[in-house]
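*Asks:* pasted the sequence and its predicted model underneath.
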Amino acid sequence: MLKIAAIQMSSGNNKKKNLERANTLLESGVLQGAKFLALPENFSFMGEESEKIQAAENLEDGESVEFLKEFSRKHKVWLLGGSVPFIAGDQKVTNSSLLISDQGEITARYDKIHLFDVNLSEGEVYRESGFVQKGDQPVVADTPFGKVGLSICYDLRFPELYRILALNGASMVFLPAAFTVPTGMAHWEVLIRARAIENQVYMIAAGQCGVNSPTRTTYGHSMIVDPWGKVLAAASDEEAVILADLDFDYLENVRKRIPCLEHMVLR
């Protein structure tokens with residue numbers, strides 16, 4: 001059994017304030033017994049896409065990276081570091097999740113593969129690829145609690161990624177996100193539950209919420225969902241810490257009862 005926490009934040013473009021708020025919310029999760037905690041996408045900087053170049057960090061000594069390492073080391077907990085912009089070539093950044101051990105070590109990095117280039121309406125257009133360099137490798141990492149798969153936000157709409165993570169042994173998948181309000185209202189819960197059911201994994205979805213910038217409002221409603229598709233914990237549209245106990249014996253039981261991953265014909 002693993003007690004896990006998903007942290008819902010309303011980050012802005014002030015990195016110092018965001019890190020202070022992240023620390024407060026993470027400490028709340030630790031006090032409630034969480035041994036593994038997940039932060040949302042862009043937890044330390046949620047400004048305009050064009051501002052990410054100035055906010056980008058180095059993996060070796062970035063402010064957000066050092067924060068994650070120090071917190072995990074101090075509290076002896078595992079962290080999923082939402083996502084952080086790292087310096088890339090051609091005046092771009094990567095949108096990267098970091099998995100941090102309870103010893104403060106980076107054990108895995110995932111660069112977001114699917115970039116949010118959409119036209120929601122005439123006045124709501126997003127072009128993440130204008131400032132972000134996409135990744136090209138799915139990531140499954142070992143932890144003392146089992147294998148974890150990494151994904152970020154818009155990845156949720158691509159089921160083939162999650163099937164790859166499951167086939168590579170993931171029993172839980174993290175989804176730090178900053179979903180828009182209209183897409184969140186329509187698709188957030190149903191897609192998270194679908195990815196959990198079809199791949200028989202725990203989904204830990206930590207989201208941004210509220211007004212993050214003059215042009216960005218995010219949906220919130222962070223969720224932890226079990227392999228049967230049951231919502232174990234959920235937030236509303238305000239900052240929150242949600243917790244759930246993950247039972248891996250139960251996960252194996254679900255996979256034995258309906259062995260769909262074994263029954264796959266197309267691989």
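*Replies:* Received the coordinates, thanks. Numbers count the residues shown, from 1 in each chain.
*Asks:* what about the helices in the chain?
*Replies:* Per DSSP state H, the chain carries helices over the ranges 15-31, 52-55, 63-75, 159-167, 181-183, 189-199, 248-257.
*Asks:* what comes up buried for stretch 26-34?
*Replies:* Within stretch 26-34, the residues scored as buried using 16 or more other Cβ atoms under 10 Å are 26, 28-30, 34. From N, CA and C alone the C-beta is placed, and that goes for glycine too.
*Asks:* list every C-alpha atom in it, with coordinates, as PDB.
*Replies:* In PDB, the C-alpha atoms belonging to stretch 26-34 read as follows (Å, rounded to 0.1, in the frame of the first residue of the first chain):
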ATOM      1  CA  LEU A  26       3.900  19.500  -0.300                       C
ATOM      2  CA  GLU A  27       4.500  19.800   3.400                       C
ATOM      3  CA  SER A  28       0.700  19.500   4.000                       C
ATOM      4  CA  GLY A  29       0.800  16.200   2.000                       C
ATOM      5  CA  VAL A  30       3.800  14.900   4.000                       C
ATOM      6  CA  LEU A  31       2.000  15.700   7.300                       C
ATOM      7  CA  GLN A  32      -0.900  13.600   6.000                       C
ATOM      8  CA  GLY A  33       1.300  10.700   5.500                       C
ATOM      9  CA  ALA A  34       2.100  10.800   1.700                       C
END
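*Asks:* average pLDDT across it?
*Replies:* Taken as a whole, stretch 26-34 has an average pLDDT of 98.
*Asks:* also stretch 126-145?
*Replies:* Averaged across stretch 126-145, the pLDDT comes to 94.
*Asks:* ok now it, how far from the chain's centre?
*Replies:* Distance of stretch 126-145 from its chain centroid, counting by Cα atoms, centre = their mean, to the nearest Å, is 10 Å.
*Asks:* buried set for it?
*Replies:* By neighbour count, with 16+ other Cβ under 10 Å as the criterion, the buried positions of stretch 126-145 are 126, 128, 131-133, 135, 138-141, 143, 145.
*Asks:* now do the strands in the stretch 1-150 of the chain.
*Replies:* Assigned by DSSP state E, counting those that start in this stretch, the stretch 1-150 of the chain shows strands spanning 2-8, 36-38, 78-80, 84-87, 93-100, 106-111, 117-121, 124-127, 140-143, 146-150.
*Asks:* okay, the angle between the fifth one and strand 146-150?
*Replies:* What it means is strand 93-100. Computed with axes from the mean of the first three to the mean of the last three Cα atoms, to 10 degrees, the direction of strand 93-100 lies at 170 degrees from that of strand 146-150.
*Asks:* which other helices and strands does strand 93-100 contact?
*Replies:* Using 3 or more Cβ pairs under 8 Å, 6 or more residues apart in numbering; DSSP states H and E as the contact test, the elements touching strand 93-100 are helix 63-75, strand 78-80, strand 84-87, strand 106-111, strand 146-150.
*Asks:* let's see the last one as PDB, backbone CA atoms only.
*Replies:* Taking Å, rounded to 0.1, in the frame of the first residue of the first chain, the C-alpha atoms of strand 146-150 are listed here in PDB:
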ATOM      1  CA  GLY A 146       6.800  -0.400  -8.800                       C
ATOM      2  CA  LYS A 147       7.300   1.000 -12.300                       C
ATOM      3  CA  VAL A 148       5.900   4.400 -13.100                       C
ATOM      4  CA  GLY A 149       5.100   5.900 -16.400                       C
ATOM      5  CA  LEU A 150       5.400   9.600 -17.100                       C
END
